[in-house]
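Enquirer: fold the following.
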Amino acid sequence: MPVPLPPALELSLDLLRCPTCRTRRLRPGRGALRCPVGHTFDIARHGYAGLCTGARATSGDDAAMVRARNRFLSTGAYAPIRAAGARLAADAVSGAATVVDVGCGTGYYLAGVLDHLPGARGLGLDTSVRALRAAARAHDRAAAVAWDVFRPFPLADGAADVVLDVFAPRNPAEFRRVLRPTGRLIVVRPTRRHLAELRERLPAAVTVDPAKERRLHRALDPFFEDTVTEEVEYAVPLAAADALDLVAMTPSARHLTRADLDGGGLLPDEVTVSVLATAYRPR
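Expert: Next up, the predicted model:
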């Protein structure tokens, strides 16, 4: 039986373009999205559209990582980060905005922006089908699409008022192409103090490159200029289960064995959360 078109996806159809043709719009039909020349992309029963073509660069977060992220984010530990991204978006655009979240994960941050912009609609892009299952249910005005951020986005030129990038890979040229001239790019990334206590206890954990900020500005500078930056830093007390989830939801999980984490004895009972959130305008 064909999957019905999710209302949030229907709301975002005008944004989408066939990833094969690049210019043709997609239309719904019999549980799929189709372009006029016949390219067809399935709508998953979980509510997201699978637009990836060919081999994907990465499968994204696996099921265990997504479950850990959902549990950890539900504690509210990252709520101030979510609020900062939403605040920057709300300060820059009107309530009727279109928000594209690149590397949206479970849709947690996109839902926060949409809560601050009652008339806005959202579209999340991610490679992880496990995360997209959650993203498609994250908000009643948020659609979700499987896509690789390093490839040209299956979106129309100038389609977005806000491009949101939280702890995610970046594609500056595509960010600029899909943003309206009056739009804003919002980038949230960790400082070197972010989760420092965790890295001290677990040497195999992923570190923050000290040159990360310089590389970010060098990559974005041809396309964007920054307008405002907020530093968000605070301490988070961790129960043992929350500490395990915090490790398991990050790329560090791929570098650690179960033996590294058993019992949680090596994990701290408090960590520093430290990020920078910057709004950029297109050049």
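Enquirer: which helix of this protein spans the most residues?
Expert: The single longest helix within the chain, with elements called by DSSP state H, is helix 79-92.
Enquirer: can you give me the strands in the stretch 151-283 of the chain?
Expert: For the stretch 151-283 of the chain, applying DSSP state E, counting those that start in this stretch gives strands covering 160-166, 179-190, 224-237, 270-282.
Enquirer: got CSV for these, with mean pLDDT, distance to Thr23 and mean neighbour count too?
Expert: Backbone N, C-alpha and C define where each C-beta goes, glycine included. Output for the strands of the stretch 151-283 of the chain, formatted as CSV (pLDDT from 0 to 100; distance: least, C-beta to C-beta, whole Å; neighbours: other C-beta atoms under 10 Å):
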stretch, mean pLDDT, distance to Thr23, mean neighbour count
strand 160-166, 98, 17, 26
strand 179-190, 97, 18, 20
strand 224-237, 97, 25, 14
strand 270-282, 97, 21, 19
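Enquirer: reformat the ones you listed as JSON lines; add distance to Cys18.
Expert: As requested, the strands of the stretch 151-283 of the chain are arranged in JSON lines below (distance: least, C-beta to C-beta, whole Å):
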{"stretch": "strand 160-166", "distance to Cys18": "18"}
{"stretch": "strand 179-190", "distance to Cys18": "21"}
{"stretch": "strand 224-237", "distance to Cys18": "27"}
{"stretch": "strand 270-282", "distance to Cys18": "25"}
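Enquirer: Ala196 is nearest to which of those?
Expert: strand 270-282 (5.7 Å; C-beta to C-beta).
Enquirer: what angle separates that closest one from strand 160-166?
Expert: Interaxial angle of strand 270-282 relative to strand 160-166 (axes from the mean of the first three to the mean of the last three C-alpha atoms, to 10 degrees): 150 degrees.
Enquirer: could you say what helices and strands strand 270-282 packs with?
Expert: Counting contacts by 3 or more C-beta pairs under 8 Å, 6 or more residues apart in numbering; DSSP states H and E, strand 270-282 is packed against helix 79-92, strand 179-190, helix 196-201, strand 224-237.
Enquirer: what does stretch 147-154 contact?
Expert: By C-beta atoms under 8 Å, 6 or more residues apart in numbering, the residues outside stretch 147-154 that reach it are 16-19, 22, 51-52, 56-58, 100, 102-103, 125-127, 145, 168-171, 174, 177-178.
Enquirer: just those: which are in strands?
Expert: Val100, Val102, Leu125, Asp126, Val145 (DSSP state E).
Enquirer: farthest pair within the residues you listed?
Expert: Longest span within the ones in strands among the contacts of stretch 147-154, C-beta to C-beta: Val100 and Asp126, 11.6 Å.
Enquirer: just put the helices and strands packed on strand 270-282 in TSV and tack on distance to Val208.
Expert: Formatted as TSV, the helices and strands packed on strand 270-282 follow (distance: least, C-beta to C-beta, whole Å):
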stretch	distance to Val208
helix 79-92	15
strand 179-190	5
helix 196-201	8
strand 224-237	14
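Enquirer: name the helix or strand for Leu110, please.
Expert: Assessed by DSSP states H and E, Leu110 sits inside helix 108-116.
Enquirer: so Arg121 touches Val100, yeah?
Expert: No: between Arg121 and Val100 there is no contact under C-beta atoms under 8 Å: 9.9 Å.
Enquirer: and those two? Which one has more around it.
Expert: Val100 (28 against 20; other C-beta atoms under 10 Å).
Enquirer: and the residue nearest to the more buried one when sequence neighbours are not counted, how far from Val3?
Expert: Closest residue to Val100 apart from its sequence neighbours, by C-beta to C-beta, 6 or more residues apart in numbering: Ala160 at 4.4 Å. Separation of Ala160 from Val3 (C-beta to C-beta, to the nearest Å) stands at 26 Å.
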